[in-house]
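Peer 1: Mind folding the following:
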Amino acid sequence: MAGINDAVSTVQHVGELAGVAAFALSGGLVAVRHRLDIVGVLLLAVATALGGGVIRDLIIGNNPPVAFTNMQYLGTAVAAGAVICVWRPPVRLTRWPLDVTDAVGLGLFAVTGTVVAHQAGLNAPGAALLGMTTAIGGGVIRDVLTGQIPSVLRPQQHLYAIPALLCATVVTLLLRYTDYQPWMGLACAVIATALRLASLGLGWHGPEPWYVRRDRKAGLLDE
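Peer 2: Okay, the predicted model is just below:
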């Protein structure tokens, strides 16, 4: 079992680095779209990639945040931002490849954030919410810095926060009621990743109040 857990931990760490790179690339591409300079590209790339973890660590009092002490994460984010500074990827590389790695990062960060919050002594609801925050916080910071309503709050967006919250909730229950093992977290991350990708492929959106749906169908709301 120890060998399996070590292998799972390695896979999870590699997946997290891939997620950091994907988040950083998305932040860098948004910066280019808004015609920011090189400093802006790098700042937005790092903020998108590491912002959720920084929020988590500040809330639980883990100072300085891991993002500033683990050079693997910071280095990966900066490297991805630097790539965007010198090379604009073709559209075919910024769609599904980026969507897949972004979804992988979403699931893994939700698991990691929940486990860290649980180990810090947070109760089950707090740990789940902080796990979700770890996964989506960077994207929220990215959108705020570029003057937009965060994409996770906009109507008619594909599922993003919901898979992260569901993943974090299940991990919290496993931590509380079972002998939690790393493979359990990896399984939860895989399910969250699959749910995110399914929402992209099948056009799933989060629920809205019934009257908002009614007004949209009647053409009374802007999309």
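Peer 1: tell me which residues in stretch 10-22 are buried?
Peer 2: Going by neighbour count (16 or more other CB atoms under 10 Å), the buried part of stretch 10-22 is Gln12, Gly15, Glu16, Leu17, Ala18, Gly19, Val20, Ala21, Ala22. Yep, even glycine has a C-beta here, placed from its N, CA and C like the rest.
Peer 1: Pull out the CA atoms of that stretch and give them to me as PDB.
Peer 2: Written as PDB, here are the backbone C-alpha positions of stretch 10-22 (Å, rounded to 0.1, in the frame of the first residue of the first chain):
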ATOM      1  CA  THR A  10       3.900  11.500  -7.500                       C
ATOM      2  CA  VAL A  11       1.100  11.500 -10.100                       C
ATOM      3  CA  GLN A  12      -0.800  14.100  -8.100                       C
ATOM      4  CA  HIS A  13       2.200  16.300  -7.800                       C
ATOM      5  CA  VAL A  14       2.900  16.100 -11.600                       C
ATOM      6  CA  GLY A  15      -0.800  16.800 -12.200                       C
ATOM      7  CA  GLU A  16      -0.600  19.800  -9.900                       C
ATOM      8  CA  LEU A  17       2.300  21.200 -11.800                       C
ATOM      9  CA  ALA A  18       0.500  20.700 -15.100                       C
ATOM     10  CA  GLY A  19      -2.500  22.500 -13.600                       C
ATOM     11  CA  VAL A  20      -0.200  25.400 -12.500                       C
ATOM     12  CA  ALA A  21       1.100  25.700 -16.000                       C
ATOM     13  CA  ALA A  22      -2.400  25.600 -17.500                       C
END
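Peer 1: Looking at the lengthiest helix in the chain now, give me its mean pLDDT.
Peer 2: The longest helix of the chain (DSSP state H) is helix 2-33. Average pLDDT, helix 2-33: 83.
Peer 1: next one: stretch 112-120
Peer 2: Stretch 112-120 comes out at a mean pLDDT of 94.
Peer 1: swap in stretch 78-98?
Peer 2: 85.
Peer 1: ok now that stretch, how far from the chain's centre?
Peer 2: Taking CA atoms, centre = their mean, to the nearest Å, one finds stretch 78-98 lying 17 Å from the centre of the chain it belongs to.
Peer 1: Now do the end-to-end distance for it.
Peer 2: Distance between the two ends of stretch 78-98: 17 Å, counting by CA to CA, to the nearest Å.
Peer 1: in the following helix or strand past the longest helix of the chain, what's buried?
Peer 2: Going down the chain from helix 2-33, the next helix or strand is helix 38-60, by DSSP states H and E. The neighbour-count check on helix 38-60 (16+ other CB under 10 Å) flags 40-57, 59-60 as buried.
Peer 1: can you give me the helices for the protein?
Peer 2: Counting by DSSP H, the helices of the chain are 2-33, 38-60, 66-69, 71-86, 96-119, 124-145, 161-177, 182-202, 210-217.
Peer 1: okay, those helices in TSV with distance to Arg154 next?
Peer 2: What follows is the helices of the chain, written out as TSV (distance: least, CB to CB, whole Å):
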stretch	distance to Arg154
helix 2-33	14
helix 38-60	17
helix 66-69	26
helix 71-86	24
helix 96-119	17
helix 124-145	9
helix 161-177	11
helix 182-202	14
helix 210-217	12
